[in-house]
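1. Curious how this folds, go ahead:
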Amino acid sequence: MTRTVDLVADLGEGFGAYTMGDDEALLELLTSANIACGFHAGDPRIMDATVRRCVARGVAVGAHPSFPDLAGFGRRAMDLTPEEVRTDLLYQIGALQAFATAHGTRVRHVAPHGRLGNLVAVRADYAEAVVAAVAALDDSLIVLAQDGELADAARARGLRVGIVGIADRAYRDDGTLVPRSEPGAVIHDADEIARRTLRMVREGVVRSVGGRDVPVECHTVLLHGDTPGALALATRIRAELLAADVEITGLDEVLNGEGR
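-> Next comes the predicted model:
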């Protein structure tokens, strides 16, 4: 049986004169992109250029909204109310929609970034706030999430959900990510990351820090491009997936073909 999977990366995460990652090279590997919307990274010029490059390569545009934490790159917890989360999501997705429309495309998915992305997996109030924003804006948007509260809330509202596999991050026994503040949260061994990716996609499991094989759906694999050696690793992961008879395609096709 041929498996299908989407490949996504976080793009447009510079700010002003500062850049992060090799977006141009990553775009050659991707089928989808999470584009920073200005709160943790990105600015109007970077958003415009990133959307334009995605359109030129046929890469689906997705919003990567965050806590309003430019200095902390969206990785710090903030004491926001659910209403603030909802309106911040509307603001950020709406900004990216403007650039998408200007370039003849549309936003296809929403993937909360950083600390917000971690919290919506375990906080029902934040998850409901994200879902409320997405549903009110465009209920055809796909919600990218880890298994947890956000995925459950989105499905309950009738939204499509794409589960993200993150092979270079350690998972707890409950399927949540080990926080970056804890030792061993990020895996650096390229061979181990490649093995974990193949198991996620082909077997639907990931080995947790507790030594358990934890079930995990994997509709899309998140490729990182902002660490040393990341581009070579992303290239390797794509090649190994193809060699293992995995079809790399867009999120729409992956979700429409579930059960193949």
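2. so where's this structure shaky on pLDDT?
-> Under the criterion pLDDT under 70, the flagged ranges of the chain are 1-2, 258-260.
3. what about the strands in it?
-> Using DSSP state E, the strands of the chain run over residues 3-11, 32-36, 60-64, 107-110, 142-145, 161-165, 205-207, 213-215, 220-223, 246-248.
4. With mean neighbour count and distance to residue 193 added, can I get those strands in CSV?
-> Bear in mind the C-beta positions are built from the backbone N, C-alpha and C, glycine included. Output for the strands of the chain, formatted as CSV (neighbours: other CB atoms under 10 Å; distance: least, CB to CB, whole Å):
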stretch, mean neighbour count, distance to residue 193
strand 3-11, 24, 14
strand 32-36, 27, 19
strand 60-64, 26, 21
strand 107-110, 26, 23
strand 142-145, 26, 20
strand 161-165, 22, 11
strand 205-207, 17, 11
strand 213-215, 14, 16
strand 220-223, 24, 10
strand 246-248, 17, 16
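5. To residue 174, which of those lies closest?
-> Across these, residue 174 has its closest neighbour in strand 213-215 (7.8 Å, CB to CB).
6. what packs against the closest one?
-> strand 205-207 (3 or more CB pairs under 8 Å, 6 or more residues apart in numbering; DSSP states H and E).
7. okay, the strands of the chain in CSV with distance to residue 120 next?
-> Shown next, in CSV, are the strands of the chain (distance: least, CB to CB, whole Å):
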stretch, distance to residue 120
strand 3-11, 16
strand 32-36, 14
strand 60-64, 13
strand 107-110, 11
strand 142-145, 7
strand 161-165, 12
strand 205-207, 19
strand 213-215, 19
strand 220-223, 16
strand 246-248, 27
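8. Next up, the contacts around the residue positioned nearest the centre of the chain.
-> Taking CA atoms, centre = their mean, the centroid of the chain lies closest to residue 111, which sits 5.0 Å from it. Residue 111 is in contact with 8, 34, 62, 63, 64, 117, 143, 144, 145, 164, counting by CB atoms under 8 Å, 6 or more residues apart in numbering.
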